[in-house]
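Trainee: could you look at this predicted model? Sequence included:
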Amino acid sequence: MQKILNLYDKVIAMVSGKFPEAIVLLFVRISLAGIFWRSARTKVEEDTFLTMSDTTVFLFQEEYGMPFPEITGLIATYAEHFLPILVVLGLFTRIGATGLFVMTMVIQLFVYPDAWWVTHIIWVALALTLMTRGAGALSLDAVLAGKRK
């Protein structure tokens, strides 16, 4: 039994190191950012970067029931482009992840309240991981932290 426990301890020590954590956090960053980036790209006119489509305004007004659809649609479009870039780069990751967490909760509470167990719980878990752990060693946050010391 002791050999099994020793082997277990060695495996845990291997996967608990700084590098494995950095890889996992990189995948978490890419996963969360990818969800919102793909959504962002559906909100803009084809072949543009940030020109919000008329369909987006219609959806925010009719399907989502958001007040001031031109403004809320624009805010969501910009946030879904800007925050994932920060998260992927690992730059101000906790701020970016907090923004995506807030967006997820707005979607959950006001747009798709039945989507918690199907979708939103995963988005929240990814965002909370980054909010609490940060971006990890493979990030611009780590570079900036090294320069501040």
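Mentor: Noted; the coordinates are in hand.
Trainee: which residues does stretch 115-123 contact?
Mentor: With contacts defined as CB atoms under 8 Å, 6 or more residues apart in numbering, stretch 115-123 is touched by 32, 35, 100-101, 104, 107-108, 112. Heads up, the C-betas are built off the backbone N, CA and C, glycines and all.
Trainee: reformat the residues you listed as TSV; add pLDDT.
Mentor: Shown next, in TSV, are the contacts of stretch 115-123 (pLDDT from 0 to 100):
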residue	pLDDT
L32	98
I35	98
L100	98
F101	98
T104	98
I107	95
Q108	97
Y112	95
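Trainee: of all the residues you listed, which two lie farthest apart?
Mentor: Pairwise distances across the contacts of stretch 115-123 (CB to CB) peak at 17.5 Å, for the pair L32 and Y112.
Trainee: the more surrounded of these two?
Mentor: Higher neighbour count among L32 and Y112: L32, with 28 against 14, using other CB atoms under 10 Å.
Trainee: host element of that one?
Mentor: Applying DSSP states H and E as the criterion places L32 in helix 18-41.
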